[in-house]
Structure formats: C-alpha cells, structure tokens
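**Q** Return a 3D structure for these sequence lines:
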Amino acid sequence: MSLLGIDIGTTGCKSVVFSLNGEQLAKSYRDYKIISEKEGYAEWDSEKIWCNVKETIREVALKTPDNPIQALSVSSLGEAMVLVSKEGQILGNSILGTDTRGIEFVRKIKQKFGEFYIYKQTGNFPGAFYSMPKISWLKQHLPELYNSTGYFLTWADFVCFMLGGKAITNFCLAGRTLLFDMNKCEWSDELLEFLELDRNKLPAPVKSGTMLGYVRADLAEDLNLNSEVAVISGGHDQCCAILGSGIESGSRSVMYGMGTFICVATVFPQMPDIRSFYIDKMHIEHHVEFGSFISFIYNQSGGALIDWFLKTFHLYGNDTQISSFISYESMFAEIPDSLNDIIVIPRFGATGPPDFQCEGNGCIYGLSLNHSRGDILRALLEGISFYILDCFEKLHYIFDRIDNIVVTGGGSASRKWLQITADVTNKTIERNRATEAGALGAAILAGIGSNMFDSFGNAIREMVHKEFKIIPDLSKRDFYKEKFKRYKLLAK
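**A** Residues are numbered from 1 along each chain as shown. Below is the predicted model:
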C-alpha cells in the first residue's frame, strides 16, 4: 500500500511514490521548456506537459506492483492556469505567472479599490504575476477562446480533474489568482463583477485534502493504476513543501526551498496581523492545513544563479558543438575552506517580498587577480545566505522565533552550501531523509484525504524523518558579522 505525490514545477514534473512510513519507493521525472514567442510572453504547451505527467505516473506505478498506490494528490506552482472545456479538452497553452500580459487590469483594480483593500481581501499585492490579469487579457483579446473555456484550472487542479476528479480548486492555489477572498474562502464578488469575469468558469474552492473521486477506469488501465485510486485535492507547491518538510503550525522552524528560486516559508497558527504584513509587503496565503496560514520570501538568484555560474565559468572545449560542463559535485569541490572578502548582492533576477524587484541588478564586489572561481562560488553562496539573513532582520517579528531551517530541493544535496548557510545565518540546518518535500507533502494530503491518517500531526510523524543536522561553525561568527555589515551597506 502506497501514496502518490505529483509535483509540477517551473521546469519539470515528477511523480514520487511513498510508503505509509515515508519511504520513497519510486520516482519519475520529465523536464520541459518555457515558450516565449514574443517579448513578455511565457507559456507552457499544456498538451505536452499533461503527457509528461501521465508518463511519470505510468512509470512509478509500474515500479511499485508490490505496494499498489491507494491515493494521489498534486502539488503545483501557482498562478499558471490551464484552459479546458467542461469535457476535459485542452484548449490552448498555459500562461505562466512570469508572463506580463494583462498588467492594465492590475492598474484598473488598484484605481478602483485601492491597494490595501485588495490586499485585505486576497492577501496579495496587485501585480501582473497572478492569474487574474491573464484571464482578463484573454477575455479582451481572444474572446472566442475565453467563451469556449469551461474552466480555468491551476495545474494541480487540472491534473486532478483530468484523472477523474471534479473541477475543484483548493484555498491556497485559489489565493494565487488575485480573485479569491481569503476571509470568506470563496471567489470575490466585487472583483469578478468589476472585471466582468464569469464566475462559472472558476472551479469551486475547497480545503486541501478533500476527496474528489477516483481515477477514471479507462485512464487507470493506461497508467498502470487500479480504478480505486482516490484523487485528493492538492495545494500550492510551497504549502506542500512545508508539509513535506514536517513543519507544523506554530513550529520554530522554517522551510528553505533550494531550487531554481530560493524560498523561505513559515507557518502561522492563525491569520497574521494584516496591517503589519501589509506594511512589510508580506503576502498571506491559506496553508494546506486549514486554519493555518503561510507567508514566504523568495529570490530567483538561488539555483538559477548557481546554474549561471556553472555555464559561465565552467565551460570547456574549443569546439562550441562539443563544449560541456563539469559536474556540480566537481564544481562545489573547488570551494576552499578559507574565507575571502568578495561580497555578492544576489539580485540577478526577480525577488519577492519584502523588496519585489522585477529586474536584475546583482553585484560581485571585491574581486582581485588572486581569487579563484572556487572563491567566487563561495561568495555567491554566502550572498544568497546574506539575502536570507537580511530578510530575517527586516522581518524580525516573524523570524525571531526561528531556531531551525529545514532544507529541501536540489541545493540541499551540497553539504558545503548547507554549512555556509548555517554559518552565515547562525541557524541549525536540518535535512530530511526525503528531499522531494513537495511530492511528499502531496502524498501526505493523499493519505489524509483517503483517511489513512487522522490528522496532519500524525501524518507528519509517520512520513517525515530527519536525516542529519548541520550546526553553525562558531569560529566563523565574527567574520560573518563584519561581512554582513558590509553586505548591507552595498545592498542599500
């Protein structure tokens, strides 16, 4: 008996099967690319990605015949929506959050309602990133496509719908649309009426972990599943990753996602203070555990910055057609133990709260002819950690209570990166046995929705297990205190 967690991210999707005690039994992954046909456009080929998702399910189900999947749920990025007919026909590409179309509708609602009113209702600051501007743009510029759309579904909701569930969304993903009233837990009448958007094209919001149905018999056979696999409503990838990290409401830990973006997220046992969070530009979102809320900071200069460094500094070969890169393991092995004075301001891409930067203006300061590329990589990792520490200081009323950082994602495979993070932030770093936290969180939701666990707390205790801790090196504390002061002066 096992649970399937499906995780749909920016650059790839994965299906991971877990036993009821949290052991990873099988995993399958497919990557894909963003389509940018025009400046400001960012889309996915919805048909292709749906095929990728099915391929990953098919593979992991084939690998686990002795532990048949009993239930599944889905974690996905927010904002991006799929256009489908009520019968399940995909009608076009999926427009991503990074697409800039529809910004004029953001200006319209800000002018009509004011920023604080929208924030109080949706928990978000009006911006082009959300789903609303894209839906409004489609209605104005492609009215035939808009009219023929039965549902606008986020990716987690779309996968559940296609597998045999109902056209349902969950509270946390609904909150990424800029159309959801987080206080009433329903779509905003005021915003829909003002924008003249059809409420019937939006799925009904429910709690994450709600039973939606069973995998369709015809599809189950194709995917190597039995027809009694329960389909459970999922959640936003950050919420699922928090759950899969084992962080409970009121915990003194935060989740640190070390993926393409770095993301630090924390859970609150009740609605945070609206006014304080508004002043500090921190969004508020329903957690997958109903009654709890999350907020997070993020920066594109995480894994994306390390990828850039690899491609820029580690390319070798004279023939560009056969040029290749050294491995990440070899690259990180070049990081020296000795400290240096290079300071990196990691603003090479978009950032979220509390500064909301759209364009890159990063800085590498203090280079000399004596520095190696290993020195530069150390400084990049320090800079990413300084960015987090700076946010901790600015948002001290949120993060002062934090003792531990639970890491997830690809970056957590590097012990050197983790040690630098511990030394700079002066926090204990914890890594769990299962590093696919988003997929594990979705699997936990599948277990809760199918009554295999009677509470989130019990599910976490059964399925999430610590692997190791990394303690800050106290001998580096004074050095990093001084370097952080210089970092803040440069970052102003």
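
**Q** what's stretch 223-230 in contact with?
**A** Outside stretch 223-230, the residues that touch it by CB atoms under 8 Å, 6 or more residues apart in numbering are 4, 54, 57-58, 61-62, 68-72, 211, 213-217, 219-221, 446, 449-450. Placement of C-beta: from N, CA and C, glycine included.

**Q** are any of the residues you listed buried, and which?
**A** Buried subset of those (neighbour count, 16 or more other CB atoms under 10 Å): 4, 54, 57-58, 61, 69-72, 211, 214-216, 219-220, 446, 449-450.

**Q** Run through the stretch 251-400 of the chain and note the low-pLDDT ranges.
**A** Across the stretch 251-400 of the chain, residues meeting the criterion (pLDDT under 70) sit at 315-326.

**Q** Now do the strands for it: every range, in order, please.
**A** Ranges of strands in the stretch 251-400 of the chain, per DSSP state E, counting those that start in this stretch, are 253-258, 262-268, 285-286, 293-299, 315-316, 324-325, 343-345, 363-365.

**Q** Can you say which of those is nearest to Ile35?
**A** Of all the strands of the stretch 251-400 of the chain, it is strand 293-299 that lies closest to Ile35, at 23.1 Å by CB to CB.

**Q** picking up where we left off before, now, which of the contacts of stretch 223-230 lie within strands?
**A** Using DSSP state E, the subset of those located in strands is 4, 69-72, 211, 213-214.

**Q** quick check: longest helix of this structure.
**A** The single longest helix within the chain, with elements called by DSSP state H, is helix 373-394.

**Q** and Phe105, what element?
**A** helix 103-113 (DSSP states H and E).

**Q** For that helix, buried residues please.
**A** Across helix 103-113, burial judged by 16+ other CB under 10 Å covers 105-106, 108-109, 113.

**Q** burial count for the nearest residue to Gln419 once chain neighbours are set aside?
**A** Once flanking residues are discounted, Gln419 sits nearest to Ile470: 5.6 Å by CB to CB, 6 or more residues apart in numbering. Applying other CB atoms under 10 Å, we find 19 residues neighbouring Ile470.

**Q** circling back: angle of the longest helix of the chain against strand 262-268?
**A** 30 degrees (axes from the mean of the first three to the mean of the last three CA atoms, to 10 degrees).

**Q** tilt between helix 373-394 and strand 293-299?
**A** 140 degrees.

**Q** Could you give the separation of helix 373-394 from the chain centroid?
**A** Per CA atoms, centre = their mean, to the nearest Å, the displacement of helix 373-394 from the mean C-alpha position of its chain is 21 Å.

**Q** relative to strand 253-258, how tilted is that helix?
**A** 140 degrees.

**Q** Closest one to Cys239 out of the ones in strands among the contacts of stretch 223-230, please.
**A** For the ones in strands among the contacts of stretch 223-230, the nearest to Cys239 is Leu72 (17.0 Å; CB to CB).

**Q** so that closest one touches Leu163, yeah?
**A** Yes. At 7.4 Å, Leu72 and Leu163 qualify as touching, with contact defined as CB atoms under 8 Å.

**Q** tell me, what's touching these two both at once?
**A** In contact with both Leu72 and Leu163: 215, 231, using CB under 8 Å, 6+ apart.

**Q** so what's the residue lying closest to Gly257 once chain neighbours are set aside up against?
**A** Using CB to CB, 6+ apart and skipping the chain neighbours, the partner closest in space to Gly257 is Cys263 (4.1 Å). By CB under 8 Å, 6+ apart, Cys263 lies in contact with 238, 255-257, 296-298, 302.

**Q** If we use 7 Å, what do you get?
**A** Going by CB atoms under 7 Å, 6 or more residues apart in numbering, Cys263 touches 238, 257, 296, 298.

**Q** One more: Ile444?
**A** 243-244, 459, 463.

**Q** Apply 6 Å and report the result again.
**A** 243, 459, 463 (CB atoms under 6 Å, 6 or more residues apart in numbering).
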